[in-house]
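Visitor: return atomic coordinates for the entry below.
(chains A and B)
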2 protein chains.
Amino acid sequence: MTFAALPKSPYYAVIFTARRAEGDHGYADAAARMEELARTMPGYLGFESARDEDGFSIAISYWETEEAITNWKQSAEHLEAQHNGRAKWYKDYKVRVSKVERAYEMKK
Amino acid sequence: MTFAALPKSPYYAVIFTARRAEGDHGYADAAARMEELARTMPGYLGFESARDEDGFSIAISYWETEEAITNWKQSAEHLEAQHNGRAKWYKDYKVRVSKVERAYEMKK
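Guide: Model (predicted):
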């Protein structure tokens, strides 16, 4: 993975932390498809993720508004992925919806 | 890594995304020390991190208030670590200060 850009604040960050269950069960294909689909949604600003070797992962999607987040959460393909996430892919996860108030960066 | 607890919203999340530079240069010891030190700071709520094999990482610390974040940012040992981070440990990083407005979880 790499960085999402820094848009002008404020905007929203959906922080998804999770522990994967054993086995793939279609996860990798679905994850790639969800990234592709999210990019087409109104208000999408970017995506970042990282995964430890032991399966603990953090994925953050960035959105212009809360409405954009709700719209993405309720899209049909994403609802199916959420169902599979609960049923097959994750042992447990947490979702935190947050408003980015300020940001800065260091580059060399 | 594992999860930080879900405190009652609202609270703050400092999202730190980074790409490591080559070599350790004291990073691992300092990172462990910073986690230990953060836990002693007023308003600290928790910490989560994940790192890809290619060195891209996401680390999130959770705090009760913006004042707690400012206080942590300005603590002497942490200022030294921030200096080393810019000078030696990271190619680049982004910091986003966000307010967690709502959260939920799935457990099995």
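Visitor: residue A:102 - that's part of a strand, no?
Guide: Yes - assessed with DSSP: H, G, I helix; E, B strand; the rest coil, residue A:102 lies in a strand.
Visitor: that one: what's it in contact with?
Guide: Contacts for residue A:102 were tallied using CB atoms under 8 Å, 6 or more residues apart in numbering or on different chains; they are A:9, B:96, B:97. Where you see a C-beta, it was placed from the backbone N, CA and C, and this is true even at glycine.
Visitor: now do residue A:34
Guide: Counting by CB under 8 Å, 6+ apart, residue A:34 has contacts A:77, A:78, A:81.
Visitor: separate out the buried members of these.
Guide: Among the contacts of residue A:34, those scoring as buried are A:78, A:81 (criterion: 16 or more other CB atoms under 10 Å in any protein chain shown).
Visitor: could you export the contacts of residue A:34 to CSV, including columns for pLDDT and distance to residue B:36?
Guide: Shown next, in CSV, are the contacts of residue A:34 (pLDDT from 0 to 100; distance: CB to CB, whole Å):
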residue, pLDDT, distance to residue B:36
A:77, 96, 43
A:78, 96, 39
A:81, 97, 38
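Visitor: with distance to residue A:32 added, can I get the contacts of residue A:34 in JSON lines?
Guide: Formatted as JSON lines, these follow (distance: CB to CB, whole Å):
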{"residue": "A:77", "distance to residue A:32": "12"}
{"residue": "A:78", "distance to residue A:32": "14"}
{"residue": "A:81", "distance to residue A:32": "11"}
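Visitor: among the contacts of residue A:34, which are in strands?
Guide: Judged by DSSP state E, the contacts of residue A:34 include no members of strands.
Visitor: in helices, which of the contacts of residue A:34 fall?
Guide: A:77, A:78, A:81 (DSSP state H).
Visitor: pretty sure the first one contacts residue A:38?
Guide: Same thing as residue A:77. No - counting by CB atoms under 8 Å, residue A:77 does not reach residue A:38; the two are 10.2 Å apart.
Visitor: cool, thanks, talk later.
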